[in-house]
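Visitor: No letters, just coordinates:
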């Protein structure tokens, strides 16, 4: 796999990652906690992307590994800020998948 293929795959994963992250996050969490969770999930998704797209031996290629992980992180943060947050899709997923507290309608 070339570096360009690796970056492209990372960007594709990162573009959809905010929707998956929204399944985990809760509306009541602070912005700092949400950001930390998003970054950690992006790093984990980047490692998984490297492993699945090139196999475990792919980790021997530091530049490609770093490029893929960075692409996932950059794409996830960018698409969240530019698409998922303004469209309120991520917030809707967060709200729909958050447990309801007793006495809360819904």
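Guide: Structure's in. What do you need? This structure is a prediction, so every number in the text was calculated from the model and none was measured.
Visitor: drop to CA atoms for contacts and neighbour counts, all remaining ones
Guide: Fine.
Visitor: Please report how far the closest residue to residue 22 other than its chain neighbours lies from residue 18.
Guide: Leaving aside its sequence neighbours, residue 22 sits nearest to residue 94 (C-alpha to C-alpha, 6 or more residues apart in numbering; 4.9 Å). Applying C-alpha to C-alpha, to the nearest Å, the value for residue 94 to residue 18 is 10 Å.
Visitor: who has more neighbours, those two?
Guide: Neighbour totals were compared for residue 94 and residue 18, and residue 18 leads with 25 against 21 (other C-alpha atoms under 10 Å).
Visitor: residues touching that one, list them.
Guide: Contact partners of residue 18, counting by C-alpha atoms under 8 Å, 6 or more residues apart in numbering, are 38, 76, 77, 79, 80, 84, 90.
Visitor: same thing but 6 Å
Guide: Shown in contact with residue 18 (C-alpha atoms under 6 Å, 6 or more residues apart in numbering): 76, 80.
Visitor: From residue 42, how far off is the residue nearest to the spatial centre of the chain?
Guide: The C-alpha lying nearest the average C-alpha coordinate of the chain belongs to residue 17 (C-alpha atoms, centre = their mean; 3.3 Å). Counting by C-alpha to C-alpha, the gap from residue 17 to residue 42 is 7 Å.
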